[in-house]
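In: I'll drop the sequence and a predicted model, then ask my questions.
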Amino acid sequence: MHIVIRLDVMMARRKMSLGELAARVGITQANLSILKTGKAKAVRFSTLEALCSALDCQPGDIIEYAND
Amino acid sequence: MKKRPDIILSLILSIILLALTALFAVLLPVLLDWYIRFRSIRQALYIPMLVTAYGCTAAAVTALIFLIRLLVRIREGFLFDADNIRSLTALSLCFLGATLCAACGGFFYFPFWAAALAGLFMFLLLRIIRMAFARAAEIKSENDMTI
C-alpha cells in the first residue's frame, strides 16, 4: 500500500516540460523532480493547488493510492 | 546560515582548551608528583593516579576534537545532520570512558569518584542532546522533502 505520483503521466498528456511546469507552479525544478520521482514525503495543499491549476486536472489525476 | 560570533568564540575556546589539555598531559607526571607531596598522599598511589589521570585526559582530548568538529560543522551551516549526531554520540562515549576510568581510579583515591559522577552527568546530558538532535534531523529531513 503506497501513494503513487502520476505527475509524469499528466505532464505527458499536457505536453509540458519539467521546467515549464516548475515555472508555472512557482517551485524549483529540483523540488518538482523530487515530487515527480516519488521521493517527496509530503505535498503542501498550495503546491497541489498550483499543480492542478497548471495541469488543468484534479488531485486524483496526480496522486493515486495503490493497494499492493 | 549567518556566522554567529558565539560559535566562533566557542570554537576558539575549545581550541585553547585542547592546547591546555595537551600541555596538561605533558606536565602531568610533574604536576601529580607535586600534588602528592602537597597533599601528603602515599607515594604508592602515584602510578594508579597517573594512569587514571592519563585515561581521563585521553578521553578529554578525544571529546574536544569531536567538539571542535561539531562546532566547525555548525559554523558551516550544518546543524541537524547525521555527521553531527555521530559527533555527539562520540562525545557522550568519551564522557562514559572518562567516567569509567575515574570510577576505577576512585578505588585508589576516592576524590576521583567526584570526577566520575560529573562525567556520568555529562554523559547522560549528551545522550539527551543527541536524542534531541536525532529527532530534529528526522523532522528536518521530512520538512526538506515536503514540496
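Out: Arrived safely, thanks for sending.
In: setting aside sequence neighbours, what's the nearest residue to the spatially most central residue of chain B?
Out: Closest to where the C-alpha atoms of chain B average out (Cα atoms, centre = their mean) is B:A63, at 3.6 Å. Spatially, and ignoring its direct neighbours in sequence, B:A63 is nearest to B:C94 (3.7 Å; Cβ to Cβ, 6 or more residues apart in numbering or on different chains). C-beta coordinates here come from the backbone N, C-alpha and C atoms, glycine included.
In: helix/strand/coil for the one you found?
Out: Classification of B:C94 by DSSP: H, G, I helix; E, B strand; the rest coil places it in helix.
In: surely it touches B:T57?
Out: No - contact between B:C94 and B:T57 fails when scored by Cβ atoms under 8 Å: they sit 11.2 Å apart.
In: secondary structure element for the residue nearest to the centre of chain B?
Out: Taking DSSP states H and E as the definition, one finds B:A63 inside helix B:46-75.
In: elements contacting that helix?
Out: Contacts defined by 3 or more Cβ pairs under 8 Å, 6 or more residues apart in numbering or on different chains; DSSP states H and E place helix B:46-75 against helix B:5-38, helix B:82-105, helix B:112-144.
In: now those in a markdown table, with distance to A:I3?
Out: Listed next are the helices and strands packed on helix B:46-75 as a markdown table, based on distance: least, Cβ to Cβ, whole Å:
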| stretch | distance to A:I3 |
| --- | --- |
| helix B:5-38 | 40 |
| helix B:82-105 | 26 |
| helix B:112-144 | 15 |
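In: so which of those comes closest to A:M10?
Out: Distance to A:M10, taken as Cβ to Cβ, is lowest for helix B:112-144 among those, at 24.4 Å.
In: and the pLDDT at residue 17?
Out: Went with chain A since none was named. A:S17 is assigned a predicted lDDT (pLDDT) of 91.
In: to clarify, I was referring to chain B.
Out: B:L17 is given a pLDDT of 96.
In: could you check which of B:C94 and B:T57 is surrounded by more residues?
Out: Per other Cβ atoms under 10 Å in any protein chain shown, whichever of B:C94 and B:T57 has more neighbours is B:C94, with 25 against 17.
In: can you give the contact residues for stretch B:63-73?
Out: For stretch B:63-73, the external contacting residues (Cβ atoms under 8 Å, 6 or more residues apart in numbering or on different chains) are B:7, B:10-11, B:14-15, B:17-18, B:21, B:79, B:81, B:83-84, B:87-88, B:90-91, B:94-95, B:98.
In: mind giving me the ChimeraX select for those, buried ones only?
Out: The following ChimeraX line selects those of the contacts of stretch B:63-73 that are buried, judged by 16 or more other Cβ atoms under 10 Å in any protein chain shown:
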select /B:7,10,11,14,17,18,21,81,84,87,88,90,91,94,95,98
